[in-house]
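Visitor: sequence first, then the predicted structure:
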Amino acid sequence: MSSTPGRAPATTTDVTSTFAVHADRLDVVVAAEMAGLDRSTVLDTIERLDTAVAAIDGQGFTPTPFGPQSALAEAIGLDGAELWVKDETGNVSGSHKGRHLFGVALGLALTETQPERLAIASCGNAAFAASVVAAAVDQPLEVFVPDWADQAITDRIAAHGATVVRTERDPERLGDPAYHAMVDAIAAGATAFSCQGTDTPGTVDGGRTIAYEMLETLGDHRLDRLVIQVGGGALGSAVVSGLQRELGDTAMPVINAVQPEGNHPLVVAWNRLAAELGDRAPTTNAERATAAKALGRVPAEPRRAMLARLAADPDRYMAPWPTEPASYATGILDDITYDWLPIVDGMLATGGFPLVAADDDFRAAHRLGHTHTSIPVCPTGAAGLGGLLALQRDVAPDLAGERIALVFSGHQRPGDPVPS
């Protein structure tokens, strides 16, 4: 395994929250201090909110485990490579989503914003996390979910005082009906409290603490590849941009973003960009790997030009999935990848590429996660592993000597498929 100098975290004294430990790296903190808040006020606010979350959920935001899973690596045939897993299943509300919403809540608190009400669109985990954080800050919350959302999770959301609104898909209107309903609520006076960084930038800011904790654990050890599941894109954007900020382009791990066979708008967008940069649009994982190899690690200047083109004409590349999304990993069924540009930037910077995984890959990953680790991961939480299985089968790269990271992003809940 190769190594690179690690960076020490911005530590403070007498703090427990990971948000306080990494305060120097948070955009909301930098903005608040530039506006005149002193550091003690910022840290007091973080600790106050974190304590309130713990009163609701039984715990606050402390670093989650990140380490090698040798039995899992052996089970999937990773000879000569290390497989590290960031375990978010024991985090606040049982997934990584709470980090995103805490980032938003912290931004509201530091700017002393008093919303009339909060609004979120979600399949489940994000809404549950939002209900915990909203209850902690004593704010009314409207939760818009698809009509198929699991009753067990919506009951738990309602138990925190949130109002749950089920939404039905309109065949005349492309895109997620829950997201459309949230946008309508915002237009009517609600404040976005979502895991779409396009609506609430603080959600990506909060999620970057995953990357900072990973680097703190790795120390001087280099990370060679990150295989990460992507739905709406906040998790991928947060981890990728967090690593990129700390490591710079040259020391970044190769980024492989994973989406389902039945819903992969980010992959389609990447295919369209690859077609502009090469001879034709790739249609398979193997062809995407070949296209990425031809591109190599794209330097910063041409990459900025590519990203500017994407941002200037996003509809040319990123479009809502044309049919109702479907996957075993239901938590990444967003019709559109809202936070896609940082993920594309990370893939271009590292010679990475997106992967399409089949439901059989996700089923196998879910089962393997339970069989070969002690982590109670849910189907969506194990989806990055499903992408790694697809990478091994369809591309068969030489991974020997690599240190590969996954994020097991959420825990098994009532109503999830049994990992058998």
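Guide: Yep, it's here.
Visitor: which strands and helices lie in contact with the helix or strand containing residue 391?
Guide: For residue 391, the host element (DSSP states H and E) is helix 383-394. With contacts defined as 3 or more Cβ pairs under 8 Å, 6 or more residues apart in numbering; DSSP states H and E, helix 383-394 has these neighbours: strand 225-229, strand 254-260, helix 285-295, strand 355-357, helix 359-372, strand 403-408. Placement of C-beta: from N, CA and C, glycine included.
Visitor: ok, now with 10 Å
Guide: strand 82-87, strand 225-229, strand 254-260, helix 285-295, strand 355-357, helix 359-372, strand 403-408 (3 or more Cβ pairs under 10 Å, 6 or more residues apart in numbering; DSSP states H and E).
Visitor: between these, which one is closest to residue 387.
Guide: strand 254-260 (2.9 Å; Cβ to Cβ).
Visitor: right, and the helix or strand after that closest one?
Guide: Next along from strand 254-260, by DSSP H and E: helix 265-277.
Visitor: list the buried ones in that following helix?
Guide: By 16 or more other Cβ atoms under 10 Å, the buried positions in helix 265-277 come out as 265-271, 273-274.
Visitor: reformat the helices and strands packed on helix 383-394 as TSV; add mean neighbour count.
Guide: Listed next are the helices and strands packed on helix 383-394 as TSV, based on neighbours: other Cβ atoms under 10 Å:
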stretch	mean neighbour count
strand 82-87	23
strand 225-229	26
strand 254-260	28
helix 285-295	18
strand 355-357	27
helix 359-372	21
strand 403-408	26
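Visitor: who wins for proximity to residue 214 among those?
Guide: Across these, closest to residue 214 is strand 82-87 (Cβ to Cβ), at 5.9 Å.
Visitor: strands of the protein, start to end?
Guide: Assigned strands in the chain, in chain order: 66-68, 82-87, 118-121, 141-146, 163-167, 191-192, 225-229, 254-260, 355-357, 403-408 (criterion: DSSP state E).
Visitor: didn't residue 407 look like it was pressed against residue 230?
Guide: No - counting by Cβ atoms under 10 Å, residue 407 does not reach residue 230; the two are 11.0 Å apart.
Visitor: what's the overlap in contacts for these two?
Guide: 236, 383-384 (Cβ atoms under 10 Å, 6 or more residues apart in numbering).
Visitor: re earlier: turn the buried residues of helix 265-277 into a markdown table, columns for distance to residue 36.
Guide: Listed next are the buried residues of helix 265-277 as a markdown table, based on distance: Cβ to Cβ, whole Å:
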| residue | distance to residue 36 |
| --- | --- |
| 265 | 41 |
| 266 | 39 |
| 267 | 44 |
| 268 | 45 |
| 269 | 40 |
| 270 | 42 |
| 271 | 47 |
| 273 | 42 |
| 274 | 46 |
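Visitor: can I get the buried part of the shared contacts of residue 407 and residue 230 as one ChimeraX selection?
Guide: Applying 16+ other Cβ under 10 Å to those leaves a buried subset, and the ChimeraX line that selects it is:
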select :236,383,384
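Visitor: list just the nearest of the shared contacts of residue 407 and residue 230 to residue 252.
Guide: residue 236 (13.6 Å).
Visitor: surely the closest one touches residue 208?
Guide: No - if you go by Cβ under 10 Å, residue 236 and residue 208 don't touch, sitting 11.5 Å apart.
Visitor: of the helices and strands packed on helix 383-394, which approaches residue 305 most closely?
Guide: For residue 305, the closest of the helices and strands packed on helix 383-394 is helix 285-295, at 13.6 Å, according to Cβ to Cβ.
Visitor: output the lowest mean pLDDT helix or strand found in this protein.
Guide: Ranked by mean pLDDT, DSSP states H and E, the weakest helix or strand in the chain is helix 151-159, scoring a mean of 90.
Visitor: for that one, buried residues please.
Guide: 153-154, 156-157.
Visitor: of those residues, closest to residue 116?
Guide: For the buried residues of helix 151-159, the nearest to residue 116 is residue 157 (19.7 Å; Cβ to Cβ).
Visitor: residue contacts, the closest one?
Guide: With Cβ under 10 Å, 6+ apart, residue 157 has these contacts: 120, 122, 124, 127-132, 134, 141, 143, 145, 149, 163-164.
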